[in-house]
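J.: Requesting a structural model of the entry that follows:
(chains A and B)
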Protein chains: 2
Amino acid sequence: MVLANAYHLYLRPGDMMVRALGGLHAFTRWNGPMLTDSGGFQVFSLARLRTVGEEGIEFRSHIDGSLHQYTPESVMRIERNIGADVIMQLDELIQGQSDVAAARSAMERSLRWLRRCAVEFDRISEEGREPIPPLATPVGAPALMYDIVAPAQALLPIVQGGTHADLRRASIAGILDSGDWIGVAIGGLSVGETKADTYAMLEVCDPEIPRTVPRYLMGVGFPDDLIEGVRRGMDLFDCVAPTRMGRDGTAFTPDGKLQIRQSSHRTDLRPLVEGCGCPCCAQYDRAYLRHLFASDEMLGKRLLALHNVTFLIDLMRDARVALQKGTFDAWSSQWLARYRAG
Amino acid sequence: MVLANAYHLYLRPGDMMVRALGGLHAFTRWNGPMLTDSGGFQVFSLARLRTVGEEGIEFRSHIDGSLHQYTPESVMRIERNIGADVIMQLDELIQGQSDVAAARSAMERSLRWLRRCAVEFDRISEEGREPIPPLATPVGAPALMYDIVAPAQALLPIVQGGTHADLRRASIAGILDSGDWIGVAIGGLSVGETKADTYAMLEVCDPEIPRTVPRYLMGVGFPDDLIEGVRRGMDLFDCVAPTRMGRDGTAFTPDGKLQIRQSSHRTDLRPLVEGCGCPCCAQYDRAYLRHLFASDEMLGKRLLALHNVTFLIDLMRDARVALQKGTFDAWSSQWLARYRAG
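T.: Next up, the predicted model:
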C-alpha cells in the first residue's frame, strides 16, 4: 500500500486539484492500494503558528505562510477529494512524554474528532460526490475528461493516550464504541518516548483490539521495530525511513544498517545483500553504489530506496510465513540477534 | 552508445579502480557500446591552474586541488584502463573565436598529440594488459575476481582548427595521413562561435572526410542542432543537454522546448508529446509531471531525462529513414520549421 499525505497534497497541488485530475490513483498512475494520513502529524511538526481548539486546528502553511483551518469535517472532505482507498481520522498529537492530563485531554478530543469524522464520512459517502466545478483549462489543453465517481473508501480511527496504559485502554474502548472499523491505527508512538514505553503500550493495546481487526502502527519504521511490532500484534506499518535512509546512503541488511559511503565498500563486488532480489542487488555491487553516492548521482539514491522498501516487504513476508508455521518466536529472536549484532 | 568521461573517472574512482572492478561495462552494468572522451574538454573547463605545453597538460583537480598531468600517453593508458569500446585522443582546446595563429598552433599540437596517442595505443594493444597489482581488499570483502582481459578498443582522432576553413582542411589531411580510422570526430565547435560559423565549418569538413567514415560532432546537442549536423554529413553526436535539461524541467517536443514548471501545465492531462513511446509519455501527464517538479521529486527529473533521450534517438531514427528514402531535405526543412515555430 502506498501512503500519501493529505497535508502535503492539500497545500500542493490542492485536494480539489487532485480530484479534478482524476483522484490520487489516476494522478500518480499507481493502481495498487493507497492510504492518506490526515496530515495531523505534519500540521504539528511542519506548520507554523498552529492553534488547536475544540473545533479544529488553525495553522500556517510551511510553504508560503498562508492561513488554513483543519477540522474533522474539512479533513474528511480533503481526504475524500484526494481519493485514497483508506483514509485516517484527524487526531490531536502531543509530545512523546506528555503528562497524564495533557495525554488524557488530547486522547478525549481525538475521540470526539473521530465521531465528527465518522458523521461527515457517512454523510459524504451517502450523497456521493457532487460534480466538481470546471477548472480553468489552459489554451491548447483539452478539457478535463475524467468521470468523477465516488471511490469506495474506509475510514480508520487512531488510538491515542501517550504512554499511559489506562488512557490507551480508554481510547480503544471509545473507538470500538464509536463504530465498526475495518482496522485500528495506533498513533502517538515513536515520537520521542523510550522503546520500553513503546513496547509496553503495544502490549497494552494488543489484547484490547479484536483479533480480526488489523492493527496499524503509525510512523514505524525500522526493520527491528517492525519485528518488535509484529511480536506485539501489529499488522501494518508506515515510515519514511526506507526511502529517506536509502536516499541518504543507508541500506538495510540482515546484519544491520550498511553505510554505502564508507570506504570499506570501495572495492567490494558483493551486492548490498546476497540473495536479495531487489532491482539494486540483482544488478549492482557495493563498489559501484559507493561511487554513485560519492559522485552524487541520483541513481544511487533510487537504488538504495528500492532496496530498503524491498527489504521490508520481504521481511514482512518472512514474518507472515513464520507466524503461519508457528515458528515466529524462534525466527524473530534469531533475526533480531543477527540484525543487532551487525 | 553511452559516453563516459575519462577526466571524471580518472579523478573518481580512478581509472585503475574502474579497471580493477572489471572495466567500465562491468562497473556500470551497461552492456551496450560505450565511449570515453579523453577529458581534455573538462581539463580546459573544470580544472584549475592548468598549464599546457608540448608534453601535455598540468592541472589541479576541481575536487581537491591535487596536481595531475595529462599526456597523450597517459590518457591512452587511462582510457585503456577504463575500458570503453571507443576512446578519444587528447587534443588541445581553444576558445571558439580564437585568432588564426592560436587556432593553428592548437590544431598542429593536436595532430602531434594524435600521433603520440596512436603510438601508445598500438603499444598497449600489442602487449595486452599487464596484470593489475592486487588492491587492498577490505576485511570481509572477497578478493577481486574479474579476469582482466584486454578489450577491443578503437581510437578516434579529433579535427581541430577553430573557425578557419584552411586549418580544418589541414587538420583532416593530417589525421588521414596519420592512420586508418574507424571514425573521425570534429571538435572545437559549439564552444561560443556563431551558428553560421559552426555550419560553415561542417560544410568545409564534410567533403574532406571519406564518405565511408562515420563523423562524430562532439558536444552537440539540441534537436535542431542534430538535424543541422546530419544535413552537413554528421553521423554521431553527444551532449549533456537531454539529461541535464530534463533534470531542470525542460522537455524536447516537435514544437520546441517545453518548460514543465509553467503554470499552463497545471491541469493538462496530455503527455509531454502525443504518441511518444518513452517511459514518461507512455504513463504520465503534464499535470502530474509539473507537480513532481513543484514538489522537487526525483521522479520528475528522471522521467524528463528519459523522455529527452528517447526523443533524440527517435529523431535520429526518423532522419535515417528519410535519408534512406531520399526525402531528407524536405523532411528536415519541415521538421525544423515546426520545431522553431513552437
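J.: I'd like to know how far A:Leu156 sits from chain B.
T.: According to CB to the nearest CB, to the nearest Å, A:Leu156 stands 25 Å off from chain B. To be clear about C-beta, it is placed using only N, CA and C from the backbone, and glycine gets the same treatment.
J.: where does the stretch 101-250 of chain A dip in pLDDT?
T.: In the predicted model, the stretch 101-250 of chain A carries pLDDT under 70 at residues A:128-151.
J.: if you set the cut-off to 50 instead, what comes out?
T.: For the stretch 101-250 of chain A, residues meeting the criterion pLDDT under 50 lie at A:133-139, A:141-150.
J.: need the helices for it, in chain order.
T.: Using DSSP state H, counting those that start in this stretch, the helices found in the stretch 101-250 of chain A span residues A:165-177, A:195-205, A:223-231, A:241-247.
J.: can you redo those as TSV with mean neighbour count and distance to chain B?
T.: Below are those laid out as TSV (neighbours: other CB atoms under 10 Å in any protein chain shown; distance: least, CB to the nearest CB, whole Å):
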stretch	mean neighbour count	distance to chain B
helix A:165-177	19	33
helix A:195-205	18	29
helix A:223-231	20	20
helix A:241-247	19	8
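J.: what would those helices look like in CSV with distance to B:Ile158?
T.: Putting the helices of the stretch 101-250 of chain A into CSV (distance: least, CB to CB, whole Å) gives the following:
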stretch, distance to B:Ile158
helix A:165-177, 73
helix A:195-205, 63
helix A:223-231, 52
helix A:241-247, 39
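J.: So which of those is nearest A:Arg29?
T.: For A:Arg29, the closest of the helices of the stretch 101-250 of chain A is helix A:241-247, at 18.0 Å, according to CB to CB.
J.: what's that closest one packed up against?
T.: strand A:250-253, helix A:298-325 (3 or more CB pairs under 8 Å, 6 or more residues apart in numbering or on different chains; DSSP states H and E).
J.: is chain B contacted by stretch A:29-36?
T.: Yes: interface with chain B: stretch A:29-36 contributes A:Arg29 (CB under 8 Å from any CB of the partner chain).
J.: and that stretch, how far apart are its ends?
T.: 16 Å (CA to CA, to the nearest Å).
J.: list the buried ones in that stretch?
T.: A:Met34, A:Leu35, A:Thr36 (16 or more other CB atoms under 10 Å in any protein chain shown).
J.: ok, and what's touching it?
T.: With contacts defined as CB atoms under 8 Å, 6 or more residues apart in numbering or on different chains, stretch A:29-36 is touched by A:1-6, A:9, A:24-25, A:79, A:82, A:84-88, A:238, B:283-284, B:288.
J.: Check which helices and strands the helix or strand harbouring A:His291 sits against.
T.: Here A:His291, judged by DSSP states H and E, is contained in helix A:286-294. Helix A:286-294 sits against helix A:298-325, helix B:23-28, with contacts defined as 3+ CB pairs under 8 Å, 6+ apart.
J.: Could I get the average pLDDT for the helix or strand immediately after the last one in the chain?
T.: Sequence-wise, the next helix or strand beyond helix B:23-28 is strand B:34-37, with elements assigned using DSSP H and E. Per-residue confidence for strand B:34-37 averages out to 96 on the pLDDT scale.
J.: Downstream of strand B:34-37, the next helix or strand is which one?
T.: Sequence-wise, the next helix or strand downstream of strand B:34-37 (DSSP H and E) is helix B:40-45.
J.: With adjacent residues omitted, what lies nearest to the residue positioned nearest the centre of chain A?
T.: Note on chain A: the residue nearest the mean C-alpha position is A:Asp238, at 3.7 Å, using CA atoms, centre = their mean. Distance criterion CB to CB, 6 or more residues apart in numbering or on different chains; nearest residue to A:Asp238, sequence neighbours excluded, is A:Leu3 at 4.9 Å.
J.: tell me the contacts of that neighbour?
T.: With CB under 8 Å, 6+ apart, A:Leu3 has these contacts: A:Met34, A:Leu35, A:Thr36, A:Asp37, A:Asp238.
J.: which among the residues you listed gets closest to chain B?
T.: Checking the contacts of A:Leu3 against chain B with CB to the nearest CB, the nearest one is A:Met34 at 14.5 Å.
J.: Identify the residue spatially nearest to the closest one, adjacent ones excluded.
T.: Distances taken as CB to CB, 6+ apart put A:Ala84 closest to A:Met34, at 4.2 Å, once the chain neighbours are dropped.
J.: Flag every residue of the stretch 201-342 of chain A that's near chain B.
T.: Counting by CB under 8 Å from any CB, the residues of the stretch 201-342 of chain A near chain B are A:263-270, A:283-285, A:287-288, A:291, A:294-295, A:298, A:301-302.
J.: Narrow those residues to those that are buried.
T.: Here, 16+ other CB under 10 Å leaves A:265-269, A:284-285, A:287-288, A:291, A:294, A:301-302 buried among these.
J.: Is the closest residue to A:Ser110 other than its chain neighbours in a helix, a strand, or coil?
T.: Distances taken as CB to CB, 6+ apart put A:Asp91 closest to A:Ser110, at 4.0 Å, once the chain neighbours are dropped. Here A:Asp91 is recorded as coil under DSSP: H, G, I helix; E, B strand; the rest coil.
J.: List the contacts of A:Asp91.
T.: A:Ser38, A:Gly40, A:Ala106, A:Ser110, A:Trp113, A:Leu114, A:Ile158, A:Gln160, A:Gly187, A:Gly188.
J.: That one and B:Thr194: what is the separation?
T.: Per CB to CB, to the nearest Å, A:Asp91 is found 65 Å from B:Thr194.
J.: can you check A:Leu156 too?
T.: For A:Leu156 relative to B:Thr194 (CB to CB), the value is 65 Å.
J.: Of these two, give the one with the bigger neighbour count.
T.: More neighbours surround A:Leu156 than the other of A:Leu156 and B:Thr194, with 23 against 11 (other CB atoms under 10 Å in any protein chain shown).
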